[in-house]
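> okay, here's the prediction I keep looking at, along with the sequence it came from:
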Amino acid sequence: TFVGSFWMGAWCMPVMFSLAAEEMGYIFRDAAPKVVVTETLFLDKVRAGLALAGVKASVVTIYPAPVPGAEHMPTWFREMPADFPMVSCRPDDVALLMYTSGTTGNPKGVMVSHDNLQFTAEASSRARGIKPGEIFLSCLPLNHSYGIILWASSEAFGIKNVLLPRFDVDELCRTIQDFKCDATSLVPTMMVRMLNHPGLDKYDLSSIKRCISSTGRGRAAL
């Protein structure tokens, strides 16, 4: 969805899945999206948010099966032609519309340009010491600048990026073991939970060369 939005010259607006329908409604009303892509799990909340906002948008689900009243992305893929027109974006065109946490009031939409995203991705890649051929594991949400920077930097350097939908210690360790991941990135709370996990010794984590951490102070990176 990120890349597809960029190719068609659209803005991509990640929204936290943990928000209540009323909170989503404020963002929908402020941003007025034309299309909302979601998992079936959050479909009712998304529809409620759109209704509260009075916004008419196409709702697209990604899996597992078509849902009445919503578009189905896998069906699109089957019916889509191999060639389609792409838009060449300028460096200062908006790529992302990121909403703040709203700690001093309502969330505010922050416009992030393609140039800004690319610079941050390249800077992050160099700071993390990424090498061609590596496998990076990410379990950080793609509705937060931290997770987006990690994803974008992996894309910029062409390394394999293994994505987990949410943080779970056993799933994290099992994925590192199965994919022989070279590096990952966690917030301090995740690291503490991982180190204190009673079953940690049963996994082979020897492939990990680096584990990067960041705190809330780095949220202004974008």
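That came in fine, so what should we check first? Numbering: from 1, shown residues only.
> how about low-confidence regions in the chain?
Low-confidence segments of the chain (pLDDT under 70): 102, 215-222.
> find the centremost residue of the protein, please.
In the chain, the C-alpha closest to the average C-alpha coordinate belongs to Leu142, at a distance of 1.7 Å (C-alpha atoms, centre = their mean).
> from Cys12, how far off is that one?
Counting by C-beta to C-beta, to the nearest Å, the gap between Leu142 and Cys12 amounts to 10 Å. Bear in mind the C-beta positions are built from the backbone N, C-alpha and C, glycine included.
> what do you get for Arg210?
Look at Arg210 and Cys12: by C-beta to C-beta, they are 28 Å apart.
> now for Met8, how many residues are close by?
Met8 sits with 12 neighbouring residues when counted by other C-beta atoms under 10 Å.
> which strand or helix spans the nearest residue to it once chain neighbours are set aside?
With C-beta to C-beta, 6 or more residues apart in numbering as the criterion, Met8 has its nearest non-adjacent residue at 5.9 Å, and that residue is Val87. Mapping Val87 onto the secondary structure by DSSP states H and E places it in no helix or strand at all.
> Val87: neighbour count?
For Val87, the number of neighbouring residues by other C-beta under 10 Å comes to 10.
> what residues sit buried inside stretch 117-133?
When burial is assessed from 16 or more other C-beta atoms under 10 Å, stretch 117-133 yields the following buried residues: 117-118, 120-121, 124-125, 128, 130.
> now do the helices in the chain.
Counting by DSSP state H, the chain forms helices over residues 2-7, 21-31, 43-53, 73-79, 114-128, 145-157, 169-179, 188-195, given from the N-terminal end onward.
> buried ones in the first one?
Of the residues in helix 2-7, those with enough neighbours to count as buried (16+ other C-beta under 10 Å) are 2, 5-6.
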